[in-house]
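Visitor: Give me a model of this one.
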Amino acid sequence: MKKIGLFIVCLAIMTACQKERVYFPKDIEPQEIEIVRFDNAIMNVHEASVAHDIRVLYDEYPAFMPLWVEDILGIPSADTTFLEQQLPEFLNDTLYGFKQTNAREQEVFADVSDLEKTIGKAFARIKWLYPEKEVPSFYMFISGFQTPIYFGDELIGIGADMYLGSDYEYYNRVVYDYQKQTMRKECIPVDVVSAYLFRTLPYTSTKSRLLDQMLYRGKVMYLVAQIFSDLKGYEVMGWTKEQWDWCVKNERAIWHLVMDKRDLFKTESLVLTGYLNDGPFTSEISQDAPGRLGIWLGWRIAQSYMEHNETVTLQDLMAEGDAQKILEESYYKP
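Guide: The predicted model follows:
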């Protein structure tokens, strides 16, 4: 019995001493990132000089201004006459809270150097993994509560009015309570990087089973977690610590329920969206389970796969399109 006890103690010590894999060298030089303050430029439009101010915007921001006018305002870029009428209303509307929101945006984002630094470090790691990828240009803009992250050719737009703080009063008019958790300035780097990776590392599987979908998304989130290795898991997922802890505590029961229901190999859209889309909870599991639980499960499987296959690189993981292989070789048994 003493020998068995000693073995258990040694095993516990060995397990405690194990460290997660480290994928990046410490001396990677951060990318120089500048967030172009298109939001500030828009705020400088005045009703008395709107025609002149619009021409200046087109001249100074030729890559972003036409995209913003067409995709955010919904106005044909060439229709400057209509734009002259609508832009002042967009900036000064009080019914939907745009004027108040624009003022709040200027306060919250008076300084974006912290964002530039964090995003620069993240894209340095992406470039280390994928040297062929180009670092996009970054623009900050106001979206009228429409979109947090916007993609154009070789650029990423950050809709600053979607990150004014979970307690911002006007969010009560436009989003559900569960969505407010990630509407904070500190959530921007993870949102930018995850959106960029989902766009540049597209889904390639020919199958549309829940297993394939959740492992693809879970792999991306595992990669995001390695890029932001100083963040907690719940911060990467955009959850509260309580939500993350609930999932960890109930992980075995969650997995058994998924297996018992044979959901892994289902392709019905209701099943896929139920597990993968954002929502107040994951109804397929429990009303206590946070939304996007399927992505978290995919992340946990990817993590287990990497822990059991030490020669597999992050690039190998992302390139592996066989979800069944990853599942089997992950030995995932919570």
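Visitor: How about the contacts made by Met162?
Guide: Residues in contact with Met162 (Cβ atoms under 8 Å, 6 or more residues apart in numbering) are 143, 145, 147-148, 183. Yep, even glycine has a C-beta here, placed from its N, CA and C like the rest.
Visitor: and of these, the nearest to Thr313?
Guide: Here the nearest of the contacts of Met162 to Thr313, counting by Cβ to Cβ, is Pro148; it sits at 30.7 Å.
Visitor: what about the closest one, how many neighbours?
Guide: 20 (other Cβ atoms under 10 Å).
Visitor: Next, the contact list for it, please.
Guide: So Pro148 contacts 158-159, 162-163, 183, 191 (Cβ under 8 Å, 6+ apart).
Visitor: and the residues you listed, which of them are in helices?
Guide: Among the contacts of Pro148, the members found in helices (DSSP state H) are Asp191.
Visitor: re the thing from before, could you dump the contacts of Met162 to JSON lines with secondary structure and distance to Gln31?
Guide: What follows is those, written out as JSON lines (DSSP: H, G, I helix; E, B strand; the rest coil; distance: Cβ to Cβ, whole Å):
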{"residue": "Ser143", "secondary structure": "coil", "distance to Gln31": "25"}
{"residue": "Phe145", "secondary structure": "coil", "distance to Gln31": "30"}
{"residue": "Thr147", "secondary structure": "coil", "distance to Gln31": "24"}
{"residue": "Pro148", "secondary structure": "coil", "distance to Gln31": "21"}
{"residue": "Met183", "secondary structure": "coil", "distance to Gln31": "26"}
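Visitor: which secondary structure element contains Asp59?
Guide: helix 50-60 (DSSP states H and E).
Visitor: So what's the gap between that helix and the chain middle?
Guide: Relative to its chain's centre, helix 50-60 lies at 33 Å (Cα atoms, centre = their mean, to the nearest Å).
Visitor: Would you mind identifying the next helix or strand past the lowest-mean-pLDDT helix or strand in the chain?
Guide: The least trusted helix or strand in the chain, going by mean pLDDT, DSSP states H and E, turns out to be helix 2-17, with a mean of 41. Downstream of helix 2-17, the next assigned helix or strand under DSSP H and E is strand 35-37.
Visitor: what separates the residue nearest to Lys99 when sequence neighbours are not counted from Tyr171, distance-wise?
Guide: Once flanking residues are discounted, Lys99 sits nearest to Asn92: 5.1 Å by Cβ to Cβ, 6 or more residues apart in numbering. To Tyr171, Asn92 is 20 Å away according to Cβ to Cβ, to the nearest Å.
Visitor: Quick check: the residue nearest to Lys99 touching Phe98?
Guide: Yes: between Asn92 and Phe98 there is a contact at 7.2 Å, judged by Cβ atoms under 8 Å.
Visitor: Mind checking which of those two has more residues around it?
Guide: Phe98 (20 against 11).
Visitor: My read is that the more buried one contacts Gln86, right?
Guide: No: using Cβ under 8 Å, Phe98 makes no contact with Gln86, being 11.8 Å away.
Visitor: check contacts around the residue positioned nearest the centre of the chain.
Guide: The centre of the chain sits closest to Asp191, judged by Cα atoms, centre = their mean, with a distance of 3.0 Å. Residues near Asp191 by Cβ under 8 Å, 6+ apart: 148-149, 182.
Visitor: Lovely, talk soon.
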